[in-house]
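S.K.: Using only what follows, build the 3D model:
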Amino acid sequence: MAAGLSTQTFLRTSWPKIMEMFGWFLPALKAGEFYAPWVGLLFGSVPGHWQAIFEMVVVGVGILEFRHGIKWALIGFLLLGPLVGILSVFVMWPLSTTGSSWVNHYLYTPDMGGSAASLVCWGLFVGAERGRWQLLLLWGTVLVMSISWIILPEGWQVDHTLGFLIGLLVSAIWLRRQKGPSEILSQTQKSIIEKVRE
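M.R.: Take a look at the predicted model:
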């Protein structure tokens, strides 16, 4: 977040060049620049969009770290997030022959990846929750993402949706099997009560 804020402040005039150099899109994939999705995370987002991306990072990464620790926040944001960016361009590449304007817009517009990485973290968080709270979060996210597909049909929602779904999948496979903070707390309380009884 600090790197993103500083680049938004000091490098605003250089932004188109930065996007071309470090953004992830089809030309970067064809050139083999697979480092771009990781480097792009340090540069925030398009000027004017950074405030929204900042909020997504704070909410998505912050709540995942709060509930499940820094390890999962780092896995979601710095590992799975960039991989989602790479995967989404691979998924959309075959569709470039359809001549669809939104597909081409997605494939040929550089993306820094912060929003998709944040949605991976949000997916990890939602997938690890339990009960009614999880259903509320899940359907709320589906509703918001559906509306965003209608309002902003430029293709950015491809990596957002893919990021959220991959977060849910990884969470179901690994993260949900771990004990959450409430379970750890309840076990600690039980052990204290047993010791007091003894």
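S.K.: Run through the residues that contact the residue lying closest to His160 once chain neighbours are set aside.
M.R.: Residue nearest to His160 in three dimensions, not counting chain neighbours: Leu119, with 5.2 Å by C-beta to C-beta, 6 or more residues apart in numbering. For glycine as for every other residue, the C-beta is placed from the backbone atoms N, C-alpha and C. With contacts defined as C-beta atoms under 8 Å, 6 or more residues apart in numbering, the neighbours of Leu119 are 56, 60, 160, 163-164, 167.
S.K.: just those residues now: which is nearest Gly140?
M.R.: Distances from the contacts of Leu119 to Gly140 were compared by C-beta to C-beta; the smallest belongs to Phe164, at 11.8 Å.
S.K.: The residue positioned nearest the centre of the chain: which element?
M.R.: When the chain is reduced to its mean C-alpha position, the closest residue under C-alpha atoms, centre = their mean turns out to be Ala117, at 2.3 Å. If you go by DSSP states H and E, Ala117 is part of helix 114-128.
S.K.: still on that earlier bit, measure the residue nearest to His160 to Val126 for me?
M.R.: Separation of Leu119 from Val126 (C-beta to C-beta, to the nearest Å): 10 Å.
S.K.: so what sits against both of those two?
M.R.: 164, 167.
S.K.: for Gly111, phi and psi?
M.R.: One thing to correct before we go on: residue 111 is Asp, not Gly. phi -130, psi 140 (degrees, to the nearest 10).
S.K.: Show me which positions of the lengthiest helix in the chain end up buried.
M.R.: If each helix of the chain is counted by residues according to DSSP state H, the longest one is helix 131-151. Within helix 131-151, the residues that qualify as buried are 137-138, 141, counting by 16 or more other C-beta atoms under 10 Å.
S.K.: follow-up on the earlier one: same list (the contacts of Leu119) but as a markdown table, adding pLDDT, neighbour count and secondary structure.
M.R.: Putting the contacts of Leu119 into a markdown table (pLDDT from 0 to 100; neighbours: other C-beta atoms under 10 Å; DSSP: H, G, I helix; E, B strand; the rest coil) gives the following:
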| residue | pLDDT | neighbour count | secondary structure |
| --- | --- | --- | --- |
| Met56 | 84 | 20 | helix |
| Gly60 | 90 | 29 | helix |
| His160 | 89 | 22 | helix |
| Gly163 | 93 | 30 | helix |
| Phe164 | 94 | 27 | helix |
| Gly167 | 94 | 29 | helix |
